[in-house]
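Visitor: could you look at this predicted model? Sequence included:
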Amino acid sequence: MSRAVRARRRTGDAGQAFPLYITAVAALLFLALAFFAVGRAGATRNGAQTAADAAALAAAQDYRDQLLTGFLAALGPRPGTGGGWQDWLAGLGADRGTACRAAASYAGLNDAQPELTCDQGEEPGSFRVTVTSEKAVGRSVVPATENRHAKASAKAVVAPRCTPGAQPTPTPTPPPSSPAPPSATPGPQPSGPDAGQPAAVTLLCDGKALTVDPRLPGAAVRAADLFAVHLTD
């Protein structure tokens, strides 16, 4: 075989292989772009999940703060209309709608749309929040991602940590004495900041005694002392 024939054959083989190289490079580029799109979608989904977690926790924490306020008010001299302090301690009486509005506010702070779903569970202080990401996945080689938003859900609960403990036995009221003569000077009447105030109550919180004295500023008790907030499935 002459040198000219062999040269033409090598040139022909190279020309036939070139389209294969182009196809392989294009396929690799497409796969790289597809993986990039999947990664971006995953990042959007993770961001939405973070927003859902934050919103659900915000709802539960707002509900917990309401429970503390109602509990302390029920211990005071003018109890509220939401029930006795035992009801507040059990997680009853707070406004769930107010708690869901707090969830919407936190969702907006975490790159989620403020319009969300806030389902209140059967048990008091239970909130399941579903959010939609503010930003779409964006344009990519994967069809229909330009206007696709990620959705995520999270559930948070408020769990009471305390139960009523043994309360002090009230001092028996002495029998009425004989009426004093008209000329006698009446005895002193109770006055001062403690007049009409209830006594301190004892609670059992996680197996430990906790005394709440409503006569102290803020009763020296925190919401976290009485209620736990956590995410759940």
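Guide: Nice, I can see it. Numbering: from 1, shown residues only.

Visitor: count of neighbours near residue 71?
Guide: Per other Cβ atoms under 10 Å, the neighbour tally for residue 71 reads 30. C-beta coordinates here come from the backbone N, C-alpha and C atoms, glycine included.

Visitor: which residues in the protein form helices?
Guide: Secondary structure of the chain by DSSP state H: the helices cover 3-75, 85-89, 96-109, 223-226.

Visitor: wait, residue 119 sits on residue 103?
Guide: No. If you go by Cβ atoms under 8 Å, residue 119 and residue 103 don't touch, sitting 10.7 Å apart.

Visitor: quick one, which of the two is more surrounded?
Guide: residue 103 (28 against 12).

Visitor: between residue 119 and residue 103, which contacts overlap?
Guide: Counting by Cβ atoms under 8 Å, 6 or more residues apart in numbering, the residues touching both residue 119 and residue 103 are 127, 129.

Visitor: ok, now which ones touch the residue lying closest to residue 66 once chain neighbours are set aside?
Guide: Using Cβ to Cβ, 6 or more residues apart in numbering and skipping the chain neighbours, the partner closest in space to residue 66 is residue 94 (3.7 Å). By Cβ under 8 Å, 6+ apart, the residues touching residue 94 are 63, 66, 67, 70, 88, 124, 125.

Visitor: buried among these? Make that a PyMOL selection.
Guide: Of these, the buried ones go into a single PyMOL selection, burial set by 16 or more other Cβ atoms under 10 Å:
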select buried, resi 63+66+67+70+88+124+125
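
Visitor: could you dump the contacts of residue 94 into CSV and include distance to residue 158 and pLDDT?
Guide: Formatted as CSV, the contacts of residue 94 follow (distance: Cβ to Cβ, whole Å; pLDDT from 0 to 100):
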residue, distance to residue 158, pLDDT
63, 5, 96
66, 10, 96
67, 7, 96
70, 13, 92
88, 12, 94
124, 7, 84
125, 3, 91
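
Visitor: so which of the contacts of residue 94 comes closest to residue 131?
Guide: residue 63 (18.1 Å; Cβ to Cβ).

Visitor: contacting residues for the closest one?
Guide: So residue 63 contacts 94, 96, 99, 125, 127, 158 (Cβ under 8 Å, 6+ apart).

Visitor: hmm, residue 126 and the third one touching each other?
Guide: No. Taking contact to mean Cβ under 8 Å, the distance of 10.5 Å between residue 99 and residue 126 leaves them out of contact.

Visitor: apart from its neighbours in sequence, what residue is nearest residue 114?
Guide: Going by Cβ to Cβ, 6+ apart, residue 114 has residue 108 as its nearest residue, at 4.4 Å.

Visitor: measure the one you found to residue 134 for me?
Guide: Going from residue 108 to residue 134 by Cβ to Cβ, to the nearest Å gives 8 Å.

Visitor: what's the answer for residue 106, then?
Guide: Distance from residue 106 to residue 134, counting by Cβ to Cβ: 13 Å.
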